[in-house]
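S.K.: This is a predicted model, with the sequence first.
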Amino acid sequence: MPTPITRPTSDFYWIRKKVPLDLRPLVGKTEIWASLGTKDERQANIKIGAVNAAIEADWARLRATAVRMPESEAPLVPEPFKLTHQDLHALRRDEHLRIRNRWMPEPPTGFARLRMSSGGDEESLLLDAVDLLESGGYEASPGNVERLVPLLIQARREAASDVEHARVGDYDRIADLTKIPERTTPALDFVAGFEEYAAKGGLRGGSAGRTATRWRSKVKEFCDFVGHRDLKKMKTSDGYDWVDRLIEKDVARDSIRKVWIAALSATAGFLVERRKLDQNPFLGIRVRDRDESEADQGEQQPEQAPPRKAFTPQEARKILTATLVAPSEYISIEMAAARRWLPWLCAYSGARVNELTSLRPEDIVPYGIKLWAMRIKPSLEKTKTWRVVPIHSHIIEQGAEGQRFLDYVAARAKLKKPLFYDPERRRDGTVRHPQFHKVAERICTWVHGLGIAYDVKPNHGWRHLFKSVARHVQMDREVEGFITGHRPKDSNAGNDYGEPWIETMAAEIEKYPRYEIEALNHPPVPHKRRRRADFDVALAKAEKQKRKAARAPRG
């Protein structure tokens, strides 16, 4: 049981507890301080039991949550280093240098001199030993603390003696610490540094988010490649050697830039900001594209068509026509609504699909009498700021009474549920696999099932098509950037002045020509469901394997 302690900045008693190593990535701290709310020592001893039990219960809940988290998504907690005899004396040297460098420029006299020479009481020595071990990546076990405390006492006495020699000008008698060997463990653990960056560096979703989950394994693989985890010993040449190895393994060069090297550089840059690292060794590493001269000169390379980004007008009409087919009775209400409205919202707004699948009823808001808009908020996507996007009048007008988009929004508002998914059907609550991402994936599968070619992204193709049409109808470039969330690359600070008025954006969106779909003038086509025979299932599997094989070279 911990004992109540006081702090110089407070009159109250406090409880101080060290956070266990396995929970630090989740808690984000190495120790917990909590006020006991009393200045009376007797009352503090009574209250500390309840506060301690509450902290332990909270840690037990965090451990239970971490157990349910899949292993691939859990923060990669580095195991403590083994404390060797050489490491003990390296820590003694570090403590000696810390005290000597602190007092030698202006040696203290009087009471300050006596306080420095005393070395501190037993409790402060134990706490300092725990701090020194944990900051170095060692386990603060009772055995390690017992081994380190005598060396701390020795370091403080020797440092005080050096400061006294400096005070009288006898610098020749100052101890030479260069003979003490370096520690055998990393001075700056790269894996632990990444976990700190994931928790405090502003990554979307934090330690359990999609980016952290993807980058975590890359940092670990790089440490395995160089053979150690000490970031202070890593060099730029190590990064280039790794790039060459990845290229030999046929990893896409764009992925090497944006994932493999980005993970290293971002983590090292964060540690430079925190003054734990002097220089980012991975800053400026370039991964050059493959030169055509590298190809075999004797082989005639087949000509390939330029890659597509957007749907063709024919493909767009085909998808929008399919949204008007009556849904199957075997799919949920939310998925039926996603098939009915998401393609139209994507087509007329150019928004990213996950910005739309995450919408809630309160995000659909009226402006004036006829205008309606979507409030797109920052989530796990590229969006960093809120923006309001007007809804095209063609979407508002579609459907019979009771079957329009705003009618569906009102129905979901009564249920207090998101527009395109039901939280009650959630299988897990991890940040990496949010439900609205699954909705987008299922819409992607549905679009491909309509016969849309695989050489264009089935959801992002709408965003590229919107930009193409916006140029064709000569939308105002600045206003179109407000609608899609893009800032023109050649814009200046004036682009951020003023407010993007909803009426101005609505006028530009109405320039987007309406999709004339014949099925809008007729009742919904009934859904036709045919039970597949064994031959159909085998054929579908063969086609899927064929598509995967075709996509592999591109990956």
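M.R.: Here it is on my side, so go on. As the structure is a computational prediction, the values presented were derived from the model and not from experiment.
S.K.: alpha carbons only for contacts and neighbour counts from here, please
M.R.: OK.
S.K.: what comes up buried for stretch 400-408?
M.R.: Buried residues in stretch 400-408, counted by 16 or more other C-alpha atoms under 10 Å: Phe405, Leu406.
S.K.: In three-state terms, how would Lys17 be classified?
M.R.: Under DSSP: H, G, I helix; E, B strand; the rest coil, Lys17 falls in the strand class.
S.K.: Would you mind identifying the helix or strand in this structure with the lowest mean pLDDT?
M.R.: Least confident element among the helices and strands of the chain, by mean pLDDT, DSSP states H and E: helix 110-118 (a mean of 66).
S.K.: quick one: average pLDDT of the helix or strand following that helix?
M.R.: Sequence order places helix 122-135 as the next helix or strand after helix 110-118, per DSSP states H and E. Regarding helix 122-135, the rounded mean pLDDT is 79.
S.K.: Just the terminal-to-terminal distance for stretch 346-366.
M.R.: 19 Å (C-alpha to C-alpha, to the nearest Å).
S.K.: any idea of the mean pLDDT for it?
M.R.: 91.
S.K.: buried residues in it?
M.R.: 346-365.
S.K.: What of stretch 146-155?
M.R.: Going by neighbour count (16+ other C-alpha under 10 Å), the buried part of stretch 146-155 is Leu148, Val149, Leu151, Leu152, Ile153, Ala155.
S.K.: Mind putting those into TSV with distance to Gly227?
M.R.: Formatted as TSV, the buried residues of stretch 146-155 follow (distance: C-alpha to C-alpha, whole Å):
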residue	distance to Gly227
Leu148	28
Val149	32
Leu151	31
Leu152	32
Ile153	35
Ala155	32
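S.K.: Just the ones in helices from these, please.
M.R.: The helices, defined by DSSP state H, take in Leu148, Val149, Leu151, Leu152, Ile153, Ala155 from those.
S.K.: Out of these, flag the one nearest to Pro186.
M.R.: Ranked by distance to Pro186 (C-alpha to C-alpha), these are led by Leu148 at 18.4 Å.
S.K.: could you pull out the helices for the stretch 301-450 of the chain?
M.R.: Using DSSP state H, counting those that start in this stretch, the helices of the stretch 301-450 of the chain run over residues 313-322, 333-349, 353-357, 393-397, 405-415, 435-449.
S.K.: Return the most buried member of these.
M.R.: Among those, helix 353-357 has the highest mean neighbour count (mean count of other C-alpha atoms under 10 Å), at a mean of 22.
S.K.: Check which helices and strands it sits against.
M.R.: helix 333-349, helix 435-449 (3 or more C-alpha pairs under 8 Å, 6 or more residues apart in numbering; DSSP states H and E).
S.K.: hmm, 7 Å instead?
M.R.: Applying 3 or more C-alpha pairs under 7 Å, 6 or more residues apart in numbering; DSSP states H and E, we find helix 353-357 packed against helix 435-449.
S.K.: if I look at the nearest residue to Asn144 once chain neighbours are set aside, how far off is Thr185?
M.R.: Closest residue to Asn144 apart from its sequence neighbours, by C-alpha to C-alpha, 6 or more residues apart in numbering: Leu83 at 7.3 Å. As defined by C-alpha to C-alpha, Leu83 lies at a distance of 9 Å from Thr185.
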